[in-house]
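> my questions concern the predicted model and sequence given below.
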Amino acid sequence: MPPLAAYPALRLRRLRQADWIRRLVRETVLTPADLIWSMVVHEGEGQVPVASMPGVARLSVDEAAKAAVEARRLGIPAIAIFPHIDMARKDPTGSLAADPDGLICRAVKAMKDAAPEVGIMCDVALDPFTDHGHDGVIEQGRILNDATIERLVEQALVQAKAGCDILAPSDMMDGRVGALRTALEAEGLQDVMIMSYAAKYASAFYGPYRDAIGSGKLGTGSVDNPGDKKTYQMDPANTEEALREVALDIAEGADMVMVKPGLPYLDILRRLVEAYALPTFAFQVSGEYAMIKAAGANGWIDEDRAILESLGAFKRAGAAGTITYFAPHAARLLGA
């Protein structure tokens with residue numbers, strides 16, 4: 001940076017004195033094109049509100065198709081969908097995840113039929129489908145890496161064949177990106193993109209999402225059901241590990257990577273953007289959403305301003321886009 005003039009020759013407030021000049025010199029401009037709408041779908045009819053996430057509801061397949069049309073109207077380029085599965089249909093290995101006629105595949109087809117211009121991103125993970133709520137196959141209290149990958153490949157292929165545009169593996173198993181890319185190539189699905197949850201932390205901010213998808217609380221730490229996800233999700237204290245995780249996923253064929261959660265890990269996002277020439281996304285997770293909604297409902301903050309300020313922070317840090325439950329509301333605030 002060149003040396004600055006001294007006051008009073010330099011008065012930085014000159015560029016802040018009116019709205020028109022603030023807009024003219026603004027460094028970061030948020031638009032609906034920066035958003036991916038995070039959405040939960042369910043097997044039933046209509047909409048089912050999520051108690052811990054005011055303003056968010058689980059959508060039926062028909063409602064999800066309508067939402068895709070709304071996303072197109074608002075200028076939101078993509079939707080990330082997650083399933084709510086009835087507990088009675090779950091099992092220890094999450095076998096329903098690979099059902100070609102299952103909820104996610106039907107939702108993808110309906111949404112692409114309704115609004116083919118809107119990209120659809122599918123979560124590749126077993127936790128919505130397992131009765132224990134973990135992202136992998138469990139054996140004597142251990143999450144089995146390679147056995148889990150086999151199930152993930154089956155799941156990803158049915159999603160891709162249903163019309164999913166972006167596969168987003170969120171399981172944090174080692175080697176899953178390479179396995180997915182190899183399987184897609186072998187099936188002639190080479191155009192399907194992979195956005196890896198490359199830096200996904202074992203965070204306290206996921207609670208409302210588990211409510212939304214009905215995965216409930218994890219086990220109590222018994223030999224058959226570990227009580228947390230710390231053996232596969234990243235330690236919140238680590239930074240260098242995120243660089244290694246992303247490097248491995250790039251080498252295995254990821255087209256894009258993600259940092260999750262969002263605001264508590266802006267430093268990680270920035271480091272990844274600076275280190276790799278790859279589109280890097282942030283996930284503004286359910287806990288972040290719920291905190292803003294709760295503070296807004298109590299009159300402690302201006303909710304709409306906080307929504308746009310938080311989303312602007314991701315773009316300012318270098319994110320190519322943000323996955324957020326606020327997407328439709330934010331798009332309307334932005335004048336779409």
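Thanks, I have it.
> and the strands in the stretch 51-200 of the chain, which stretches?
Secondary structure of the stretch 51-200 of the chain (DSSP state E, counting those that start in this stretch): strands at 57-59, 78-84, 119-124, 137-139, 142-144, 166-169, 193-200.
> CSV for these, including distance to residue 236 and mean neighbour count?
All C-beta atoms are positioned from the backbone trio N, CA, C, and that covers glycine. Formatted as CSV, the strands of the stretch 51-200 of the chain follow (distance: least, C-beta to C-beta, whole Å; neighbours: other C-beta atoms under 10 Å):
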stretch, distance to residue 236, mean neighbour count
strand 57-59, 29, 21
strand 78-84, 22, 23
strand 119-124, 21, 25
strand 137-139, 23, 17
strand 142-144, 19, 16
strand 166-169, 20, 25
strand 193-200, 11, 26
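> secondary structure element holding residue 41?
strand 35-42 (DSSP states H and E).
> only C-alpha atoms, please: export that strand in CSV.
What follows is strand 35-42 as a C-alpha-only set of coordinates in CSV (Å, rounded to 0.1, in the frame of the first residue of the first chain):
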residue,chain,number,x,y,z
LEU,A,35,-26.8,-17.6,-2.6
ILE,A,36,-27.6,-21.3,-2.5
TRP,A,37,-31.0,-22.0,-0.8
SER,A,38,-30.7,-24.6,1.9
MET,A,39,-33.9,-26.6,2.0
VAL,A,40,-35.3,-29.7,3.8
VAL,A,41,-37.8,-32.0,2.1
HIS,A,42,-40.1,-34.6,3.6
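> who touches that strand?
Applying C-beta atoms under 8 Å, 6 or more residues apart in numbering, the contact partners of strand 35-42 are 48, 50, 56-61, 64, 67, 71, 76-84, 103-104, 107, 121, 212-213, 281, 283, 311, 321-328, 330-331.
> tell me what the helix or strand following it is packed against?
Next along the chain after strand 35-42, taking DSSP H and E as the criterion, comes strand 47-49. If you count contacts as 3 or more C-beta pairs under 8 Å, 6 or more residues apart in numbering; DSSP states H and E, strand 47-49 packs onto strand 57-59.
> tell me the secondary structure at residue 7.
coil (DSSP: H, G, I helix; E, B strand; the rest coil).
> related to what we said a few turns ago, mean confidence for the strand holding residue 41?
Mean per-residue pLDDT for strand 35-42: 98.
> same check on stretch 105-119?
pLDDT averaged over stretch 105-119 gives 98.
> now do the helices in this structure.
Taking DSSP state H to define them, one finds helices in the chain at 19-25, 61-74, 103-114, 145-162, 176-186, 207-213, 240-252, 266-275, 286-297, 303-316, 327-333.
> any idea how far the residue nearest to residue 200 when sequence neighbours are not counted lies from residue 123?
Spatially, and ignoring its direct neighbours in sequence, residue 200 is nearest to residue 260 (4.6 Å; C-beta to C-beta, 6 or more residues apart in numbering). To residue 123, residue 260 is 11 Å away according to C-beta to C-beta, to the nearest Å.
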